[in-house]
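Novice: I would like the atomic coordinates for the input below:
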Amino acid sequence: MTDTSSPAPALATRPVAPHQLAWLRHELADWTSEGIIGEEQAARISARYHSEHHARVSVGRVLLYLGGGFVGVGLIWLVAANLDELSPLTRFAAVAALWLAFLVGGEALAARHASPPLVGAARLLAALGAGAVIFQAAQSLQVPAYEPRLIGLWAVGAFIHAYLTRAHMPFLVGVVTGVTWWFMQPLWDAQDGTTVVVLLGAGGVLAAALAVLHDGWIDGFAWTWRTVAGGMALAALFVAAIPDAGSDGLTWSTWLVVAVAVAAAATVVAVVVRRSAGILEPLGAIAVLLTATSLSLWSTGTDTTAVDGADWAHAAISVVAYVLLAVALVALGTVRDHQALTWMAMVGLVVFTTFQSFAVFAPIVTGAWLFVVLGTVFLGTGFLFDRARRELVQALDPADTATTSKGTDR
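Specialist: Numbers count the residues shown, from 1 in each chain. Alright, predicted model coming up:
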């Protein structure tokens, strides 16, 4: 009698980070030893996952992305070189054809479920090629290549590509070019320290609002927007704390007003759409913007040989504000499981405290004592950071109290 039963289909495995897989196997061993599950069940659960460590750091992936980046930059460079041997129409047609080939090729590869690194490289080429098309068209129309609006158009094109395809590489190109335009366009009209502070603060507000709007929609994009928001907030307070950074006052221009209005509009949309605790992120960014702008407009002078009470007050308030921001970012990074925010906050605090110590306090506390004071500040801040992190983790998951307390001195 012939056995007509078909073999059970193999289950597709899911890639997870190596430390997550190690944790799962450790827990499975504990559950098996305690009789919660059987050995066969533990083996079946473990077989559903595999480590994605090698896929993340594969040489092939790195080379594909590097190759795509070099080719894309090379195309823009060729446009900048003017290609005098070709007519403007021929140059534009050649660059546009290459861009269309990369764009269509990348989406064709994605439709055929090709290797993700290969698809990402093709999409990166398309996003960079869009910039080459824009600069070539501008060159043909006798528009100067250094105009900020060309960067803005490039960012818009990259974002459209990214959101239509949910692709990360065009999105990263859009973020880089968009942030570049965010500063280039307003500073084209007025260059002063307070304008930079306002742009950094307003950029943090906009990015925070976009991160909240992307939560649950495109989580990968939300992660990037949240990183940009944290970086801009830290940079805004850093620049604002520089003594006499805004001595020239604030010059309002049309584009600066537009930047602030866009950030405000994004915050309103986030508050209306989300109606959750996530709206605290853009609201906190607004507090950073107001604090940084006030510190920048507070002129205390630049004479480091005569530090008076105003200098001490400006420095002290700046340090307190920066520490509060760093603690808030650490808390946000813990809640959102966003380690990049935590590391940015800690590194930013070290750099900021060091800069403030040598720029403001060095004329008073000199020599070896400066390092003693600075080291004491770092030790105290580190203790507070670690204590706050433990208490936050315990508050989020009380069942993890025993686990969190183990190995924290490693």
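
Novice: May I see the buried residues of stretch 188-200?
Specialist: Within stretch 188-200, the residues that qualify as buried are 192-200, counting by 16 or more other CB atoms under 10 Å. For the C-beta atoms, the positions are set from N, CA and C on the backbone; glycine is no exception.

Novice: For residue 235, see how far away the residue nearest in space to the middle of the chain is.
Specialist: Residue closest to the average C-alpha location in the chain (CA atoms, centre = their mean): residue 227, at 2.8 Å. As judged by CB to CB, to the nearest Å, residue 227 and residue 235 stand 13 Å apart.

Novice: Helix or strand with the lowest mean pLDDT in the protein?
Specialist: The helix or strand of the chain with the lowest confidence, counting by mean pLDDT, DSSP states H and E, is helix 401-405 at a mean of 42.

Novice: What is the burial count for residue 265?
Specialist: Applying other CB atoms under 10 Å, we find 12 residues neighbouring residue 265.

Novice: how about the helices in the stretch 101-250 of the chain?
Specialist: Secondary structure of the stretch 101-250 of the chain (DSSP state H, counting those that start in this stretch): helices at 116-140, 148-165, 168-187, 193-214, 219-240.

Novice: pLDDT (mean, whole number) over the last one?
Specialist: Confidence over helix 219-240, taken as the mean pLDDT, stands at 95.

Novice: my guess is residue 175 contacts residue 224, does it?
Specialist: Yes - Residue 175 lies in contact with residue 224 (CB atoms under 8 Å); the separation is 6.1 Å.

Novice: follow-up on the earlier one: show me which of the buried residues of stretch 188-200 is closest to residue 40.
Specialist: The closest of the buried residues of stretch 188-200 to residue 40 turns out to be residue 200 (CB to CB; 57.1 Å).

Novice: and the residue nearest to the closest one when sequence neighbours are not counted, how many residues sit next to it?
Specialist: Distances taken as CB to CB, 6 or more residues apart in numbering place residue 236 nearest to residue 200, at 3.7 Å, with adjacent residues excluded. Residue 236 has 29 neighbours, counted by other CB under 10 Å.

Novice: likewise residue 70?
Specialist: Residues near residue 70, counting by other CB under 10 Å: 12.

Novice: Need the pLDDT of it.
Specialist: pLDDT, residue 70: 77.

Novice: Enumerate every residue touching it.
Specialist: Under the criterion of CB atoms under 8 Å, 6 or more residues apart in numbering, residue 70 has no neighbours.

Novice: Quick check: which element contains the residue nearest to the residue nearest to the centre of the chain when sequence neighbours are not counted?
Specialist: The spatially closest residue to residue 227, leaving aside those adjacent along the chain, is residue 340, at 5.3 Å (CB to CB, 6+ apart). Assessed by DSSP states H and E, residue 340 sits inside helix 339-356.
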